[in-house]
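Engineer: Generate a structure from the sequence data that follows.
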Amino acid sequence: MPSTIMWFSGFLISMFTILVCSFYASSCRCVLTHMSVAPPFTLFFLLSSMAIGVRGGVFTLTMSKTTKTAELPESHFSVGPDFSLGVFIFFSDVMTCPCWPTGDILSRLSADTTQVSDLISQNVNVFLRSVIKGTGFIIFMFRMSWKLTLVTMMGFPFIALLKTEIGSFQKLTKEVQTVLAEANKVAEETISGMRTVRSFANESREANSYYAKLLVMFQLNKKQALAYACYMWSKLALEVAVLYYGGHLVLTDQLSSGGLISFFIYIIASVYSGLMQGVGAAEKVFEYLDRKPKHPADGTEAPNSCTGLVEFKDVTFAYPTRPETDGVSFTLRPGEVTALVGPSGSGKSSCVSLLENFYLPQGGQVLLDGKPVNEFQHDYLHSKIALVGQEPVLFARTIKENISYGLSDVSMEMVVQAATKANAHDFITTLPKGYDTSVGEKGLQLSGGQKQRVAIARALIRQPRVLILDEATSALDAESEHIVQQALNSIMQEHTVLVIAHRLSTVEKADNIIVIDRGQVAERGTHSQLMATGGLYCKLVQRQVLVIGMCHQKQTIISRFIDID
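Structural biologist: Numbers count the residues shown, from 1 in each chain. Modelled structure (predicted):
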């Protein structure tokens, strides 16, 4: 019902606009000869402005309502006649959603629904206005000058012929939206997995992939612009002819100048409004473009060999809102496994970020083979340091592409070898397409243990000297953890290994354990040494053992109740 009222009011307002414009033209002619028409002229000018404003507001409201209906239903989220794109996505089966790239969905919910609302509301607004006003103006034009009317109507068949060819323009618009969704997909994956992208020094390839999508869209936009330009040139040629001949009629007193004046005022107002919107949007864009990175330029060091000796020397680091590490010093030696433990928020993950050169310390140095990590070339550093995190980021590509991520000219043999070391080859070969199986967005087609093993293979194929395991098994069940832990145990002796973990089973076998508390090194030593001192590490272990014991006790009680039943 509200939509019907909107369309009906828009119709009445358009009809009223015709009458106002007719009087406006007559007034413009009379005002040149008699000033007494100034008050009614001013009144009708205000009425004309109000009519145009109300009509525009009504159709803008319709456009907003259409966008809202396209993205979300008006009430109760009911799935029925008011079925919408937003409801379809939000209530879709969980097995279906992982098959849709987030960038594609966001493009549909934003760009595409807005474009549809423009088509339904804004373009229909223009169409309805043009039909009603066009019919009225043709009648008035015949009354004023049948010659000018014939000149105008002579161009109608040519414009109609051009509009039949605009089907290609609409097809190009659809193709642009498709490519835009693909570009959004690449951008969304890269931004959400930025730490992974930087860890594997793959920024250039991701940027090139995004640029390739934009280049395709640019080519389509050029074709789209050419098709649109042909139509606009023809339309403008007709307008020039009409204005030229109309000017002749005005000069010979066969036509009023009021229509021409109102036309130019309308054009100037429209251009100014669009210009102001463009300036506002440009300011937001340049806010990002004008930002200067705080991180220094890429280093230059790229030695032929790397032993993997890592040293933290009196490292101090703070985020803008809080301090993180204060005078941290420790050494990671090749062939040894060092565990970094401590309460949540103690600074463990910050040490990893500093080692990967994501941040610069405010004091002290992080060294690799005796040189500050920020002096190494970005690609070189991340070819020698590999990270396996708690929630590994996999991209919506094949298993082979994920394992070889960030590398070029990688043979299939190297991929299989890395997967075998990571205990992943067996499950990969059982998949329908093997290594060519797509993992889905963020790896949702794989289980947690499978994702973790693919991530380990991705780290191993680079043959790093330093391997960082940041809570690599904490999110896995017991069986998956056992399989992943087997893969890790078989490779730990070949690298400098830094383990960040809470689980006792992961930490107690480490060659060296460093306890971080409130941004400082509180303790260091082996598991037995730290347990003997009875310090913070001992308390953390006892707390974990107590929790495990309580869980085991609960499981025993539940089992007894099941046996009784």
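Engineer: now what about stretch 351-362, what contacts it?
Structural biologist: When contacts are defined by CB atoms under 8 Å, 6 or more residues apart in numbering, stretch 351-362 is touched by residues 195, 198-199, 295-296, 310, 312, 315-318, 325, 328, 340, 350, 366, 373-374, 376, 378, 381-382, 385, 387, 466, 468, 470, 498, 500, 516. C-beta here means a position set from N, CA and C on the backbone, and glycine is covered the same way.
Engineer: quick one: buried residues of that stretch?
Structural biologist: Residues 351, 352, 354, 355, 356, 357, 359, 361 are the ones in stretch 351-362 that count as buried (16 or more other CB atoms under 10 Å).
Engineer: Tell me which entries of these lie within strands.
Structural biologist: By the criterion of DSSP state E, membership of the buried residues of stretch 351-362 in strands covers no residue at all.
Engineer: Which one of these is nearest to residue 437?
Structural biologist: If you rank those by distance to residue 437 using CB to CB, residue 356 comes first, at 29.4 Å.
Engineer: And that closest one, what's its pLDDT?
Structural biologist: At residue 356, the model reports a pLDDT of 86.
Engineer: same check, this time on residue 531
Structural biologist: According to the model, residue 531 scores 89 on pLDDT.
Engineer: For my notes, confirm it occurs in a strand.
Structural biologist: No. Going by DSSP: H, G, I helix; E, B strand; the rest coil, the assignment for residue 531 is helix, not a strand.
Engineer: For residue 542, see how far away it is.
Structural biologist: Summarising the geometry, the distance separating residue 531 from residue 542, computed by CB to CB, to the nearest Å, is 9 Å.
Engineer: and those two? which has more neighbours close in?
Structural biologist: Between residue 531 and residue 542, counted using other CB atoms under 10 Å, residue 531 has the larger neighbour count: 15 against 12.
Engineer: Walking through the stretch 201-350 of the chain, point out its strands one by one.
Structural biologist: Taking DSSP state E, counting those that start in this stretch as the test, the strands found in the stretch 201-350 of the chain are 310-318, 323-332, 337-341.
Engineer: Buried deepest among those, which one?
Structural biologist: Burial of the strands of the stretch 201-350 of the chain is given as mean neighbour count (mean count of other CB atoms under 10 Å); strand 337-341 ranks first at a mean of 24.
Engineer: Report the angle between that one and strand 323-332.
Structural biologist: 160 degrees (axes from the mean of the first three to the mean of the last three CA atoms, to 10 degrees).
Engineer: Does anything pack onto strand 337-341? Which helices or strands?
Structural biologist: Using 3 or more CB pairs under 8 Å, 6 or more residues apart in numbering; DSSP states H and E as the contact test, the elements touching strand 337-341 are helix 348-355, strand 496-500, helix 504-507, strand 512-517.
Engineer: Between these, which one is closest to residue 209.
Structural biologist: Each of the helices and strands packed on strand 337-341 was checked against residue 209 via CB to CB, and the shortest separation belongs to helix 348-355, namely 25.3 Å.
Engineer: Beyond that closest one, next helix or strand please.
Structural biologist: Later in the chain than helix 348-355, the nearest helix or strand by DSSP states H and E is strand 363-368.
Engineer: quick check: angle from that following strand to strand 496-500?
Structural biologist: Going by the same axes, to 10 degrees, strand 363-368 makes 130 degrees with strand 496-500.
Engineer: Flag every buried residue along strand 363-368.
Structural biologist: Within strand 363-368, the residues that qualify as buried by neighbour count (16+ other CB under 10 Å) are 364, 365, 366, 367, 368.
Engineer: Walk me through which strands the helix or strand just after that strand pairs with, and which way each runs.
Structural biologist: Helices and strands here follow DSSP H and E; after strand 363-368, the next one along the chain is strand 371-372. Here strand 371-372 is paired, per DSSP bridges, with strand 363-368 (antiparallel).
Engineer: can you list contacts of the strand it pairs with?
Structural biologist: With CB under 8 Å, 6+ apart as the criterion, strand 363-368 contacts 306, 308-317, 327-329, 354-355, 357, 372-373, 376, 381, 384-385, 466.
Engineer: Residue 460 - how many residues pack around it?
Structural biologist: Residues lying near residue 460 (other CB under 10 Å) number 25.
Engineer: just checking, it touches residue 418?
Structural biologist: Yes. In terms of CB atoms under 8 Å, residue 460 counts as a neighbour of residue 418; the distance is 4.6 Å.
Engineer: dump the residue contacts of the closest residue in space to residue 323 that isn't next to it in sequence.
Structural biologist: With CB to CB, 6 or more residues apart in numbering as the criterion, residue 323 has its nearest non-adjacent residue at 6.1 Å, and that residue is residue 519. Residue 519 is in contact with 323, 324, 325, 326, 328, 346, 347, counting by CB under 8 Å, 6+ apart.
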